[in-house]
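Novice: Fold the following, please.
(2 chains)
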Amino acid sequence: MASENILEVRNVTHRYGDFIALKDVTITVPEERLTALIGPNGAGKTTFYNVVSGKYRPSRGSIIFNGVNVTGYSPHKLSLMGLSRSFQITNIFHELTVIENVMIPIALHEGKGFYFWTKYRKDRHLFNEAMKVLSLVGLEDVYARVTRELSYGDRRLVEIAIVLAGKPQLVLLDEPTAGMTPEETEKMVHLIKNLATTTETTFFFTEHDMNVVFSVAEYIYVLHQGELLAQGKPEDIRADPKVREAYLGGSLDT
Amino acid sequence: MVHQKIGRILEYPFSGLIVFLVLGLFVPLVIPTYWVMVVTEILIMGLFATSFNLLFGYCGLLSFGQAGFFGVGAYVTALLLSKGVGSYILICIASITATLIAAYFIGYLCVRRDEIFFAMLSLGFGMMLFTIAHNWREVTGGSDGLPLSTVPPVDLGFSKISLFHPLHGYYFVLAFVFVGLCILQVVVHSHFGLMLKASRENKERLAFSGGNVASVRLVAFLMAGGLSGLAGMLFCIFNRMATPDMLHWSFSAKPVLMTILGGAEVFWGPFVGAVIFFVLEQLVTNITENWMFVLGLLLIPIVLFFPRGILGTVLNLMKSSGRGSHGQ
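Specialist: Sure thing, here's the model as predicted:
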């Protein structure tokens, strides 16, 4: 059964002990669209991503990815199936070079993770594929550098490159511009928009910066205290009184 | 200039193996017989330490039970030799297979944890293997171990070579150690080797990149275990006995100390550490009985001021001085 929605999250509830982080959340993400998940701090956005990407198994509910019920699948399995994610706090291989960071997911997706006798540094195909991904995010000039030595913004881009390296069908970006300077944020927003139009990857992102959300997203879900508060096109969300109330008025006026 | 050249040669992955082979072939010809015996032990313990470092340096897992696998290899060898098995190929296959089986079950549980928990699990399993060797008297000979009255000659087809001659014993050990080190050297530069480094750097990112962290670690655990078992086999043949001390946790500390001495970040660090450890032991015990005190004196400044170890620090200095002269 072909599914138009790449991701369907059905009635997902997640508890940490007595605390209910997600309550009966149902979200669908259609293919090749830029969808955003927003909500005030503590709304459950990161928990939602952790549940979808396999870090946690939901207490209740199911996750359908590409028509397959993947509830409880491990992160590496989901990654190999084409679901990739970034983290709010930069999550990369700091002591390895930029190109090694990208070679790792590519080699894994090509099934080379257990090649014992072949030198990865002599693998021209792997190198070329990695350089292609680095050129998508504009890091091809620093490919030989150790990632620890890069600027914060560039390290965030390394993570985007890692996330894209396995040619995923769905990418979850958890606050891609967190901690960035205005210039870096602008660069990142431009990059995401560009990637969404030039690749066949679907992007689903969370973001605290409302400027970014309203300029990038085509469809928005709003989480509040673990529950789905609203969903709709950016202009509808901007006008929604419930959403305004949840954010206490302020930041939506931008 | 010279430094730069040396630095470049050092970065070529297989130059280490060539240096090792040349030194290994010719050094015993120019040193006294007693020292040939010392160098034989260095080879065996160097292989043991280098296999330990596949887990420690490349995966970031501190195994404190590596002697358990060393001991399994040694006991299987002693049992087969005492039963009259004369084929070293058969003994080698049997020792490594037995070690791999032990490493599979122990590793399956250990690799699910990191850091101190991994270290304690491996220590616990190592002590269990020690207890088996120590208490299962009917098979293992208890605390006396299994002494061997003789070891059979090596049948090369055209002639039989007695291992009682120190030089013959030495070259026998060298051949196995060289193969073991070649395997490790190839593996650390392979695609799989990259996954090992990735698992050390950031296991969460590895998992979310499509890597099964437990499987990657388990395979490394098996490789390290199997080659430790091979070292144990050689140690048993060399010493003509297997004893429970070979499985004791204090024996597991030896590869740890050697690796810290030489440096965990470089492939040859543990081996250089083994060389320093044994040469120094020989020199110091000539002067004083307090060898462990001197070893402690040496380890403290290394850990405090040169955490890359002796070889790691030297290579680093060569590289940076090479870079410096390049800049001018």
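Novice: Please identify the residues of the stretch 151-300 of chain B in proximity to chain A?
Specialist: B:186-187, B:189-195, B:197-198, B:201-202, B:204-213, B:216, B:219 (C-beta under 8 Å from any C-beta of the partner chain). Using the backbone N, CA and C atoms, a C-beta is placed for each residue, glycine as well.
Novice: Who are the contact partners of the most centrally placed residue in chain B?
Specialist: Centroid check for chain B by C-alpha atoms, centre = their mean gives B:Phe48 as the closest residue, at 1.5 Å. Neighbouring residues of B:Phe48 by C-beta atoms under 8 Å, 6 or more residues apart in numbering or on different chains: B:Gln66, B:Phe70, B:Ser228, B:Ala231, B:Gly232, B:Phe235, B:Lys254, B:Pro255, B:Ala274.
Novice: Excluding chain neighbours, give the residue nearest to the residue of the stretch 51-200 of chain B found nearest chain A in space.
Specialist: When distances are taken as C-beta to the nearest C-beta, the stretch 51-200 of chain B reaches nearest to chain A at B:His191, 3.9 Å away. Spatially, and ignoring its direct neighbours in sequence, B:His191 is nearest to A:Tyr115 (3.9 Å; C-beta to C-beta, 6 or more residues apart in numbering or on different chains).
Novice: B:Leu194 is in contact with that neighbour, correct?
Specialist: No - the pair A:Tyr115 and B:Leu194 does not pass the contact test of C-beta atoms under 8 Å, sitting 9.4 Å apart.
Novice: The two - which one has more neighbours?
Specialist: Per other C-beta atoms under 10 Å in any protein chain shown, whichever of A:Tyr115 and B:Leu194 has more neighbours is B:Leu194, with 26 against 18.
Novice: what about the more buried one, which helix or strand?
Specialist: helix B:191-201 (DSSP states H and E).
Novice: Check the average confidence over that helix, would you?
Specialist: Here helix B:191-201 scores 96 as its mean pLDDT.
Novice: Pull out the buried positions in whichever strand or helix holds A:Glu183.
Specialist: Per DSSP H and E: A:Glu183 is located in helix A:182-198. Using 16 or more other C-beta atoms under 10 Å in any protein chain shown as the test for burial, helix A:182-198 gives A:Glu184, A:Thr185, A:Lys187, A:Met188, A:Val189, A:Leu191, A:Ile192, A:Leu195, A:Ala196.
Novice: just checking, what packs against the helix or strand following that helix?
Specialist: The helix or strand immediately downstream of helix A:182-198 is strand A:202-206, counting by DSSP H and E. If contacts are counted by 3 or more C-beta pairs under 8 Å, 6 or more residues apart in numbering or on different chains; DSSP states H and E, strand A:202-206 sits against strand A:5-16, strand A:19-30, strand A:34-38, helix A:45-52, strand A:170-174, helix A:182-198.
Novice: Show me what strand A:202-206 is in contact with.
Specialist: Against strand A:202-206 from outside (C-beta under 8 Å, 6+ apart): A:6-7, A:29-39, A:45-46, A:49, A:169-176, A:192, A:195-196, A:216-217.
Novice: Adding distance to chain B and mean pLDDT as columns, could you present the helices and strands packed on strand A:202-206 in CSV?
Specialist: Formatted as CSV, the helices and strands packed on strand A:202-206 follow (distance: least, C-beta to the nearest C-beta, whole Å; pLDDT from 0 to 100):
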stretch, distance to chain B, mean pLDDT
strand A:5-16, 16, 92
strand A:19-30, 18, 91
strand A:34-38, 18, 91
helix A:45-52, 11, 92
strand A:170-174, 10, 94
helix A:182-198, 18, 90
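Novice: quick one, which of those is nearest to B:Phe164?
Specialist: Among the helices and strands packed on strand A:202-206, helix A:45-52 comes nearest to B:Phe164, with 63.9 Å by C-beta to C-beta.
Novice: List the buried residues in the closest one.
Specialist: In helix A:45-52, counting by 16+ other C-beta under 10 Å, buried: A:Lys45, A:Thr46, A:Thr47, A:Phe48, A:Tyr49, A:Asn50, A:Val51, A:Val52.
Novice: can you pull the contacts of the first one?
Specialist: Looking back up the chat, that one is A:Lys45. With the criterion set at C-beta under 8 Å, 6+ apart, A:Lys45 makes contact with A:Leu37, A:Ile38, A:Gly39, A:Asp174, A:Thr206, A:Leu223.
Novice: Kindly recompute the last result at 6 Å.
Specialist: Shown in contact with A:Lys45 (C-beta atoms under 6 Å, 6 or more residues apart in numbering or on different chains): A:Leu37, A:Gly39, A:Thr206, A:Leu223.
Novice: Relative to chain B, which of these is nearest.
Specialist: Lowest distance from chain B to those (C-beta to the nearest C-beta) belongs to A:Thr206, with 16.1 Å.
Novice: What does the pLDDT read for that closest one?
Specialist: At A:Thr206, pLDDT is 91.
Novice: give me the number of residues near it?
Specialist: Here the count is done by other C-beta under 10 Å, and A:Thr206 has 23 residues near it.
Novice: Go through the longest helix seen in chain B and flag the buried ones.
Specialist: Taking DSSP state H as the criterion, chain B has its longest helix at helix B:213-239. Buried residues in helix B:213-239, defined by neighbour count with 16+ other C-beta under 10 Å: B:213-214, B:216-239.
Novice: after that helix comes which helix or strand?
Specialist: With elements assigned by DSSP H and E, the helix or strand that comes after helix B:213-239 is strand B:241-242.
Novice: for that next one, packing partners?
Specialist: helix B:66-82 (3 or more C-beta pairs under 6 Å, 6 or more residues apart in numbering or on different chains; DSSP states H and E).
Novice: Distance from the chain centre to the strand or helix carrying B:Leu123, please.
Specialist: Applying DSSP H and E as the criterion places B:Leu123 in helix B:115-135. Centroid separation between helix B:115-135 and its chain, computed with C-alpha atoms, centre = their mean, to the nearest Å, is 18 Å.
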